[in-house]
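Asks: Got a sequence here, can you model it:
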Amino acid sequence: MAYSKEIDQAIAAHHLWKQHFDSAITKGASIFRLAQVELDHVCDFGQWFYGLPAAVQETEQGQAIRQLHAAFHTEAARILLLALDEHVAEAERALEPGRLYAQLSDQLISAMNEWKASMQG
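Replies: Next up is the predicted model:
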């Protein structure tokens, strides 16, 4: 029961969020609706994750990933709202290293990589 392909796809898609934010800050518009971004079960990873058997989701690693992923989406929606409301400086600050977005992003990617490694060996 290895999900390494799906986890790798989620990590790759996750890296693109910074580009989406940069674009929203620059253009004042986004290809995403705020309602889409704030819900953790709407993105491809969320749909896949919530479709996994409960036994997989409820493992310690699964619960940690669910919590980090939900927190990431909450912060992503906050930053997108700032960008769309033209609070450019605040949106840019939110993306700086060491801020909540970067912390959640790093923790989520790390948890996904650990989850993937635990499934492979």
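Asks: drop to CA atoms for contacts and neighbour counts, all remaining ones
Replies: Fine.
Asks: Now do the same contact list for Gln47.
Replies: If you count contacts by CA atoms under 8 Å, 6 or more residues apart in numbering, Gln47 has them with His41.
Asks: what's the spacing between it and Gly28?
Replies: To Gly28, Gln47 is 28 Å away according to CA to CA, to the nearest Å.
Asks: List phi and psi for the closest residue to Glu96 other than its chain neighbours.
Replies: Among residues not flanking Glu96 along the chain, Ala102 sits closest, at 7.0 Å (CA to CA, 6 or more residues apart in numbering). Dihedral angles of Ala102 (phi, psi; degrees, to the nearest 10) stand at phi -60, psi -40.
Asks: Does Ala83 touch Phe21 like I think?
Replies: Yes: when contacts are counted by CA atoms under 8 Å, Ala83 is listed as touching Phe21 (7.5 Å).
Asks: Identify each buried residue in stretch 51-63, please.
Replies: The neighbour-count criterion (16 or more other CA atoms under 10 Å) identifies 57, 61-62 as the buried residues of stretch 51-63.
Asks: before we move on, what about stretch 105-121?
Replies: By 16+ other CA under 10 Å, the buried positions in stretch 105-121 come out as 105, 107-109, 111-113, 115-116.
Asks: Can you name the secondary structure element that comes next after the least confident helix or strand in the chain by mean pLDDT?
Replies: Lowest on mean pLDDT, DSSP states H and E among the helices and strands of the chain sits helix 4-15, with a mean of 86. Counting by DSSP states H and E, the element after helix 4-15 in chain order, helix or strand, is helix 17-27.
Asks: Quick one: residues in contact with that next one.
Replies: With CA under 8 Å, 6+ apart, helix 17-27 has contacts from 29-30, 79-80, 83-84, 86, 88, 91-92, 95.
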